[in-house]
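Undergrad: Build me a model from this:
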Amino acid sequence: MSTTSAFNDEKGGSSSAGEPEYGHDPASGGIFSSDYKRHDDLKEMLDSNKDSLKLEAMKRIVAMIARGKNASDLFPAVVKNVACKNIEVKKLVYVYLVRYAEEQQDLALLSISTFQRGLKDPNQLIRASALRVLSSIRVTIIVPIMMLAIKEAASDMSPYVRKTAAHAIPKLYSLDPEQKDQLIEVIEKLLADKTTLVAGSVVMAFEEVCPERIDLIHKNYRKLCNLLIDVEEWGQVVIINMLTRYARTQFLNPNINESLLEEGGEKAFYGSDDEDDDDEEKKAEAAALAKRKPYVMDPDHRLLLRNTKPLLQSRNAAVVMAVAQLYFHLAPKAEVGVIAKALVRLMRSHSEVQYVVLQNVATMTIKRRGMFEPYLKSFYIRSTDPTQIKILKLEVLTNLANETNISTILREFQTYIKSMDKDFVAATIQAIGRCATNIGEVRDTCLNGLVQLLSNRDELVVAESVVVIKKLLQMQPEQHSDIIKHMAKLTDNIQVPMARASILWLIGEYCEHVPKIAPDVLRKMAKSFTNEEDIVKLQILNLAAKLYLTNSKQTKLLTQYVLNLAKYDQNYDIRDRARFIRQLIVPTDKSGALSKYAKKLFLALKPAPVLESPFKDRDHFQLGSLSHLLNAKAGGYQELPDWPESAPDPSVRNVEVKDSVPEWTKCTSRKERKEKKVEKPFYSDSEGESGPTESADSESDTGSGSESGSEESGSGSESEESEEESESEEEEEDEEDERTKKKKKIEKSKPKKPESAERSECFPFCSMISSINLFIFSSSVDPTPSPQVTPVNNFLSTSLVADLEGLSLTDTVLAPTTIAPSSSVRMYELLHRITGEGLAVEYCFSRQPFSPDPHMVAVQIQFTNNTSSETKSLHIEDPKLQSGMRIKEFPEIELLPAGESVNVVMGIDFCDSTQAANFQLCTHTRKFFVSIQPPVGELMVPAFLTENEFKKEQGQLMGMNEISEKLNLGEKCQSDHAIVERVTAKANLSRVPSGSEKENRFAGKTVSSGSLVLVTVARKEGGGAQLTVNCEKMVIGTMLVKDILQALTQ
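TA: Model (predicted):
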């Protein structure tokens, strides 16, 4: 019945006679049968009314696509289900549409309204999928719709949807490049996003659309550097490559002084013969070097190197390679060595990865040989390596060869020559030749070894040896005439054209050293001239011409014979060469002046060939790029810029932080001292830890981190206060001592309180304020406080404390089993008395701290027995909670008499979400399924901040964490008192003092994770107002805006 069974069925071939035949029943597993009816079955399933059948059909269709089967003929049947209400079906439909929307554009366009509705879906996966499908329809007529969808998605609450918007940008740009300016605006907005999920995707879009606009990166450079470690792997690759090019335009070359000294040293060495001529130039250079300031690395340059270094330990080879190329192109020489170990580690990976890594290592070893020398043995060749890997390792070994390790390397090469892989053996012989040219001390040893190879049974080995020996002999031909004679004897046996041509060239070039053998070789070659390859024929002609010029008596007739054969050859190159040589070496009346210089032309001294690495000039391509791999510029490749002559202005990367101190503050000198001493880090904990998947644990961590951070900064600033402040603090302490004495007297006179009440008193005034629902702030306290920044203790003035002490806060008020005495507490129905068979249950959010666990919301439940009989054993069973949510049950109520009520308190950790907590409410006879769903305002507790602290925290929660709405205040909501009453009724927040009469501020923290929630209501003329909510949790912020907006406009 499953996809797996169908897969196994096809994989194993036709089923046996005893097994049932698949593919006829719509619910069967024969999805890959060759029977034509299979698609009809799927169409029937897609047209059915049952979601389960549709889901099964879509799973099979997606499985077909995954295996490379063509499912395009199902497009009409699938596209009809795009409006299906089942989310699982809808997701799979979108997966299918992304694959086939481009092929079936006309049919996809019919469903465009559905996709637009999908963009407003509450599920983030559906919104993202709808945008992905919309951007996959390659029709220019819907470009405006796509543009609008991308702009909306770029402001979406979900980072996943914003990431999808970034992916859609290059698609739209390729469809209509005229939209570039608008897309750049969206890219600029997304670049400011602080979530790691979006960073890699938006940089990719930037690279595709506007890589030349580096001004967009300036303000986001430091943020990208700091976020880099948490971005997903492929995003890291894109960001690192982009930052490499950015750094090459913004920072100075860290090796500039070393390169100048090296150049100066070389010039001095080579110019030592003509000292008098170059004195002035030397003085000028010395003066220029002296004037040049010592290099100091830009802090931003250092930030990039420091933050990318840990990624050398990444499990992804592409990330390691990206960091390695960044260090190679940007780091000082002394620091580049750190990448060697990481690249050697990648050598243990798959052969494809090894190939790319070795290509880059081969380029690096030409300029930075020293850093790979300790790892020489890592490049030794294994018998299991593919040929391409072997050849690249040979390249690296050859580049690393020097006087100290050449003996070891040559011993390795000796072993490699015995290999059965002929291409590899040929490459080894070439490598020996390169070692011999680069290191003069071993040249003779290499030559002797290569000469020994000339007696090898394998013709290819001999041929390659001949070619390499020919190049080596050009360096010292006089000393090696014996080798030339030995090679002349090989012409009878060697049949490889290149080797035969090399031998003939050597004999012709150095015919003076072998005067007796050369004419005989020409005689043999003349015999077989017609059967030779073209490359050999050309060298026979050259040999004949050279011998005619040096030894015409013996070779005159042979030369004429060869020229006559060449005159009628099929190849026009050979015919042309024969005519040219005849006119040049055999003078006639018609011959021109060139025939006099025939000897100089043919027997001129030839420079010895330079055996260079094929990777020598590849470093002008960015390492790790496709262009570097191919050694040719690939499409879309961005050139690596040259270092600037002078450093550009580094201030362009500074990010402006809004001044968090109000104009009316008198303590300007204190403010200045604090700003100087306590600097706010650029990358705060709250910004950095908002990753792509925000689990409850991570949220609570960030919350606690931000709390502790604020406490530390507060204590730090307090310790730096002046003497005057310390005096005022001493006075305040004296006042507090008096208050505590008064309190102790009151406590002694009162009866002993339960433990929960004592715990509530541990928080100074918080429990009391929450118990009276914060209405003290709106009624007792003057809404316009004195224009002076005061700590929290001062804000709760002595008169207010006296008022609080005067309240009759009896045991029943403080106990967590009672409702706060306020009209604003709303009761919600949990179980109706009819449904509950006489048992009615209501609940409310008491806004008191839940003493067993401060991360839980206290929910007060009231049971009322409306029956004539008693109810027993009231308790909770089988809680069904969303991931991360927790519940603390109330103690079992053993007996509830008829007609009576009882209150209990339970705790629920809603994990900062408004999802319902579902559970069973049980009595001794029945079970009732019930659920408690909190309003968003009940998920928070008051936070007491001064105005400065409020503004500072607000400054950190800008951008995506800020939601603003304009509104018209209701008729009954024009005064401060009314606004405070409405806002605090909707959300459990405390009021923050404000220096402006027209501005009301409120602060709180989410119960579960401790994330700050800041609310500002700024009144304007004409009854208008601006509501602003700043919150780390964007979903909570959005929902809170809606609730407060509704409360203030009624």
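Undergrad: element containing M297?
TA: Using DSSP states H and E, M297 maps to neither a helix nor a strand.
Undergrad: Next one: it from V655, what distance?
TA: 21 Å (CB to CB, to the nearest Å). From N, CA and C alone the C-beta is placed, and that goes for glycine too.
Undergrad: so where's the stretch 251-400 of the chain shaky on pLDDT?
TA: Applying pLDDT under 70 to the stretch 251-400 of the chain flags the ranges 258-293.
Undergrad: redo that, cut-off 50
TA: Within the stretch 251-400 of the chain, the segments meeting pLDDT under 50 span 261-278.
Undergrad: Next: the stretch 801-950 of the chain.
TA: Residue ranges of the stretch 801-950 of the chain with pLDDT under 50: 801-823.
Undergrad: same thing with the chain?
TA: 1-31, 33-35, 261-278, 659-733, 735-736, 741-823.
Undergrad: mind listing what the spatially most central residue of it touches?
TA: For the chain, G235 is the residue whose C-alpha lies nearest the centre (CA atoms, centre = their mean; 2.4 Å). By CB atoms under 8 Å, 6 or more residues apart in numbering, the residues touching G235 are T196, A199, G200, S201, V203, M204.
Undergrad: any idea how far S201 is from it?
TA: G235 is 7 Å from S201, by CB to CB.
Undergrad: those strands in the stretch 801-950 of the chain, which residues are they?
TA: Ranges of strands in the stretch 801-950 of the chain, per DSSP state E, counting those that start in this stretch, are 828-831, 839-849, 857-865, 871-880, 886-888, 893-896, 901-909, 917-922, 927-932, 940-942.
Undergrad: can you count the residues close to D181?
TA: 8 (other CB atoms under 10 Å).
Undergrad: swap that for Q495, please
TA: By other CB under 10 Å, the residues close to Q495 number 12.
Undergrad: Which secondary structure element is home to it?
TA: Per DSSP H and E: Q495 is located in neither a helix nor a strand.
Undergrad: Look up the closest residue to it, ignoring the ones flanking it.
TA: Leaving out its chain neighbours, the residue that sits closest to Q495 by CB to CB, 6 or more residues apart in numbering is E459, at 6.5 Å.
Undergrad: so how far is Y295 from the closest residue to S646 other than its chain neighbours?
TA: Nearest residue to S646, sequence neighbours excluded (CB to CB, 6+ apart): L252, at 7.8 Å. Look at L252 and Y295: by CB to CB, they are 7 Å apart.
Undergrad: Ok, R1019 next?
TA: According to CB to CB, R1019 and Y295 sit 57 Å apart.
Undergrad: more crowded one of those two?
TA: Between R1019 and Y295, counted using other CB under 10 Å, the more crowded position is R1019 (20 against 13).
Undergrad: Could you measure from the closest residue to the more buried one other than its chain neighbours over to I979?
TA: Distances taken as CB to CB, 6+ apart place K998 nearest to R1019, at 4.4 Å, with adjacent residues excluded. For K998, the distance to I979 equals 10 Å [CB to CB].
Undergrad: Find residues that contact each of those two.
TA: Here K998 and I979 have R1019 as joint contacts, going by CB under 8 Å, 6+ apart.
Undergrad: Compare those two and say which is more crowded by neighbours.
TA: Shown here are K998 and I979; by other CB under 10 Å, I979 has more neighbours (22 against 12).
Undergrad: Just the element for the more buried one, please.
TA: Assigned by DSSP H and E, I979 belongs to helix 976-986.
Undergrad: Kindly calculate the angle that that helix makes with strand 839-849.
TA: Relative orientation of helix 976-986 versus strand 839-849 (axes from the mean of the first three to the mean of the last three CA atoms, to 10 degrees): 120 degrees.
Undergrad: Tell me the buried residues in the following helix or strand past helix 976-986?
TA: Going down the chain from helix 976-986, the next helix or strand is strand 990-992, by DSSP H and E. Applying a neighbour-count criterion of 16 or more other CB atoms under 10 Å, one finds S990, R991, V992 buried in strand 990-992.
Undergrad: do the same with stretch 966-984
TA: For stretch 966-984, by 16+ other CB under 10 Å, it's L967, L969, C973, D976, A978, I979, V980, E981, R982, V983, T984.
Undergrad: Would you reformat the residues you listed as a markdown table and include distance to P587?
TA: Formatted as a markdown table, these follow (distance: CB to CB, whole Å):
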| residue | distance to P587 |
| --- | --- |
| L967 | 107 |
| L969 | 113 |
| C973 | 116 |
| D976 | 117 |
| A978 | 119 |
| I979 | 114 |
| V980 | 117 |
| E981 | 120 |
| R982 | 116 |
| V983 | 112 |
| T984 | 116 |
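Undergrad: now, which of those residues sits nearest R345?
TA: The shortest approach to R345 among those belongs to V983, at 57.9 Å (CB to CB).
Undergrad: right, and that closest one touches G1004 too?
TA: No - using CB atoms under 8 Å as the test, V983 is too far from G1004 to be in contact (10.6 Å).
Undergrad: so what's in contact with the two at the same time?
TA: Contacts common to V983 and G1004, judged by CB under 8 Å, 6+ apart, are L989.
Undergrad: Near the residue nearest to H218 when sequence neighbours are not counted, how many residues? Count them for me, please.
TA: By the measure of CB to CB, 6+ apart, the closest residue to H218 outside its immediate chain neighbours is V652, 4.3 Å from it. V652 has 13 neighbouring residues, counting by other CB under 10 Å.
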